[in-house]
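Visitor: the sequence and its predicted three-dimensional model are supplied below.
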Amino acid sequence: MSKSDLTWIDYKDWNSPWEKIEALPGGGQGAAFRARCRSDGTSELLKTIKSRKDPERRARFFREATAYDSFGVDGIPRLVQRNAHRDADPEILLYIATTFMAAEEATRQNLPILYFVYNPAQAERGQLR
């Protein structure tokens, strides 16, 4: 089964379809890291939710995944895979996988650099929060 067949999946967590490569600066709602898809070896951005039991945070995470799924705009990552549609079940560790774009590539293409674009040099200097 290809990754494109699995955009909206029912895994209980991200560990089955993904392998963690490196931690990235996370946001207030969750953790972020670069991960490799076990089925095809591609490297993507994976976000997980911190507040596993908070229904409002889980619903917000679902809305974020839905927004990624509806966008088709340059500079906005594409949804690759997610289980956030299972937000009503607190036993599920929600995650969203999107395409990964380094800050240098976004700059080269004159795309807006949004919070989910990662620049390792900035992170080392403490410039990303």
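Guide: In hand now; what should we look at?

Visitor: the longest helix that the chain contains: how far from the chain's middle?
Guide: When the chain is parsed with DSSP state H, its longest helix is helix 55-70. Distance of helix 55-70 from the chain centroid (C-alpha atoms, centre = their mean, to the nearest Å) equals 11 Å.

Visitor: now that helix: average pLDDT?
Guide: For helix 55-70, mean pLDDT rounds to 89.

Visitor: what residues of that helix count as buried?
Guide: In terms of neighbour count (16 or more other C-beta atoms under 10 Å), helix 55-70 has its buried residues at Arg57, Arg58, Arg60, Phe61, Phe62, Glu64, Ala65, Tyr68, Asp69. To be clear about C-beta, it is placed using only N, CA and C from the backbone, and glycine gets the same treatment.

Visitor: between the residues you listed, which is closest to Pro17?
Guide: For those, the closest approach to Pro17 (C-beta to C-beta) belongs to Ala65, at 14.9 Å.

Visitor: that closest one against Gln81, yeah?
Guide: No: under the criterion of C-beta atoms under 8 Å, Ala65 is not in contact with Gln81, lying 9.5 Å apart.
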